[in-house]
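Chemist: Quick one: sequence plus predicted model below, questions after.
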Amino acid sequence: MRITRLLTLVLAIMFVAGISTRVMAEDAADVYKAKCQSCHGADGKGATPIGPKLGVRDFHAPEVAKESDQEMFDITKNGKAKMPKYDGKLTDDQIKDLVKFIRGLK
């Protein structure tokens, strides 16, 4: 009986964790579409009508790949050059999730 309860609890936790991970990924994708995609493009390469004019960074470029997640977080939060800051517009958790999402763009 105890094993059944324990197994049920473990399965419930795994189910909830799976849902929260999927929701987090969907939220980051939505934030990217709303805040980043118009300049950086759906693929993160910056090949948009406005991207080259603003000098946006290609997220696939070697210099971006070398940056730490913290550096990308700081740039997103505080802005850099023509990129606006998102401090006060996005939470720290949203920015962290966004950095993870950007790292996974193909």
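Modeler: It's in. Numbering: from 1, shown residues only.

Chemist: Just checking, which helix or strand of the chain averages the lowest pLDDT?
Modeler: helix 2-35 (a mean of 67; mean pLDDT, DSSP states H and E).

Chemist: so after it, what's the next helix or strand?
Modeler: Counting by DSSP states H and E, the next helix or strand C-terminal to helix 2-35 is helix 37-40.

Chemist: Who are the packing partners of that following helix?
Modeler: Here helix 37-40 touches helix 51-54, going by 3 or more C-beta pairs under 8 Å, 6 or more residues apart in numbering; DSSP states H and E. Where C-beta positions appear, they are placed from N, C-alpha and C, glycine not excepted.

Chemist: Convert the C-alpha atoms of stretch 99-106 to PDB, please.
Modeler: The C-alpha trace of stretch 99-106 is given here as PDB (Å, rounded to 0.1, in the frame of the first residue of the first chain):
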ATOM      1  CA  VAL A  99      18.300  33.300 -22.500                       C
ATOM      2  CA  LYS A 100      17.800  29.500 -22.400                       C
ATOM      3  CA  PHE A 101      15.300  29.800 -25.200                       C
ATOM      4  CA  ILE A 102      17.800  31.800 -27.300                       C
ATOM      5  CA  ARG A 103      20.500  29.300 -26.700                       C
ATOM      6  CA  GLY A 104      18.200  26.700 -28.100                       C
ATOM      7  CA  LEU A 105      17.400  28.500 -31.400                       C
ATOM      8  CA  LYS A 106      18.300  26.500 -34.500                       C
END
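
Chemist: Go through it and flag the buried ones.
Modeler: 99, 101-102 (16 or more other C-beta atoms under 10 Å).

Chemist: So the residue nearest to Lys100 when sequence neighbours are not counted versus Val99, what's the distance?
Modeler: Using C-beta to C-beta, 6 or more residues apart in numbering and skipping residues adjacent in sequence, the residue nearest Lys100 is Ala28, 6.6 Å away. Relative to Val99, Ala28 is positioned 9 Å away (C-beta to C-beta, to the nearest Å).
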